[in-house]
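Student: Dropping a prediction and its sequence here:
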Amino acid sequence: MTDARELLRLHDEQVRGTVADRLPDNWAPSWDGPVLRVATPARGIVFGQHLDGVPGDELDALIARAVEFFAAKGLPFEWKTYGHDRPDLPERLEAAGFASAPAETVVVGFAADLVDAGVAPDGVRIRATTAPDDLRRIADLQSEVWGSDWSWLADDLAARIASGPDDIVVLVAEAGATVVSTAWLVVLPGTEFASLWGGSTLFGLRGRGIYRALVAQRARIAVERGIRYLWVDASDDSAPILQRLGLRAVTTTTPWLWTP
């Protein structure tokens, strides 16, 4: 069995180490030394993997320049941190005016272990889609589930599909004409990994196995494509389910948020 340390090493090498190589066409990257700043249509994201040897004053300067960069664009952004990165990064971000969002558990495991994770309950159908109307319905569901405006998601998914149609599979689960759950599989080209995103279900239909059925469907697609590992930045709701299904917790990730 591959242990958690080895899975973390693979994640750092193949997932974190390839971010700049697999951005959608409408995401604009900009490097500042070891820090990758990415402007998406809705927000910014900062990735910094190799910061351990950066002196403290230089790290503070990198943080300040990221703030200036996104402030000039009028964009909120997140600095994505990991639990096994340098321990003083969160306090430096907080001192620069960032606020932490809830931590997520990074879980990794073998795609083949999840192909029998679940089946859709009676009356629920799962299908793949690239249709603009469906993408808007997915954004509407995410807005309802999370209680905030996710309307930008429809354009974001459309751009991902346009820039890499073989690298994303979007699924909807429907009960009659109603979208009740959504999820998508994102393939990381040139690696052994794919990731699971968007697994959200309407509150009244949770606990019926729809989430697990969407996990299984994406795992089957991954295996058919020769993908070995699946990775998820999992919420507190999802992490226990995914760990029961066989994924291993390898670290945590916490978004630190800055708002203009």
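Tutor: Arrived safely. Residues are numbered from 1 along each chain as shown.

Student: Give me the buried positions along stretch 117-126.
Tutor: By neighbour count on 16 or more other Cβ atoms under 10 Å, the buried set for stretch 117-126 is 117-118, 120, 124, 126. Backbone N, C-alpha and C define where each C-beta goes, glycine included.

Student: ok, now which ones touch Gly118?
Tutor: Listed by Cβ atoms under 8 Å, 6 or more residues apart in numbering, the contact set of Gly118 reads 209, 211-213, 215-216.

Student: quick one: pLDDT of it?
Tutor: pLDDT recorded at Gly118 is 93.

Student: Roughly how far does it sit from Ala239?
Tutor: Computed as Cβ to Cβ, to the nearest Å, the Gly118 to Ala239 distance reads 16 Å.

Student: Helices along the stretch 51-200 of the chain, start to end?
Tutor: Secondary structure of the stretch 51-200 of the chain (DSSP state H, counting those that start in this stretch): helices at 56-73, 89-95, 132-146, 152-163.

Student: Quick one: closest of those to Ala20.
Tutor: Ala20 sits nearest to helix 152-163 of all the helices of the stretch 51-200 of the chain, at 14.4 Å, using Cβ to Cβ.

Student: buried residues in stretch 19-29?
Tutor: Neighbour-count burial for stretch 19-29 [16+ other Cβ under 10 Å]: 19, 22-24, 27.

Student: what's that stretch in contact with?
Tutor: Outside stretch 19-29, the residues that reach it (Cβ under 8 Å, 6+ apart) are 31, 36-41, 47, 156, 159-160, 162-164, 167, 188-190.

Student: just stretch 90-97 next, same as before
Tutor: Residues contacting stretch 90-97 (Cβ under 8 Å, 6+ apart): 56, 59-60, 63-64, 67, 79, 81, 100, 254, 256, 258.

Student: Show me just the buried residues among the residues you listed.
Tutor: Buried among the contacts of stretch 90-97 (16+ other Cβ under 10 Å): 59, 63, 67, 79, 81, 254, 256, 258.

Student: Mind telling me the two of the residues you listed farthest from one another?
Tutor: Val67 and Thr254 (17.8 Å).

Student: quick one on the thing from earlier: can you lay out the helices of the stretch 51-200 of the chain as a markdown table showing mean pLDDT and distance to Leu202?
Tutor: As requested, the helices of the stretch 51-200 of the chain are exported to a markdown table (pLDDT from 0 to 100; distance: least, Cβ to Cβ, whole Å):
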| stretch | mean pLDDT | distance to Leu202 |
| --- | --- | --- |
| helix 56-73 | 98 | 33 |
| helix 89-95 | 98 | 34 |
| helix 132-146 | 96 | 7 |
| helix 152-163 | 93 | 16 |
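
Student: Now tabulate those in a markdown table and tack on distance to Leu196.
Tutor: Below are those laid out as a markdown table (distance: least, Cβ to Cβ, whole Å):
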| stretch | distance to Leu196 |
| --- | --- |
| helix 56-73 | 28 |
| helix 89-95 | 26 |
| helix 132-146 | 15 |
| helix 152-163 | 15 |
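
Student: right, so of those, which gets closest to Thr105?
Tutor: Nearest of those (Cβ to Cβ): helix 89-95, 16.6 Å.

Student: in that closest one, what's buried?
Tutor: So, applying 16+ other Cβ under 10 Å, buried residues of helix 89-95: 89-90, 92-93.

Student: cool, stretch 44-60 as well?
Tutor: Quick answer for stretch 44-60 (16+ other Cβ under 10 Å): 44-49, 51, 54, 59.
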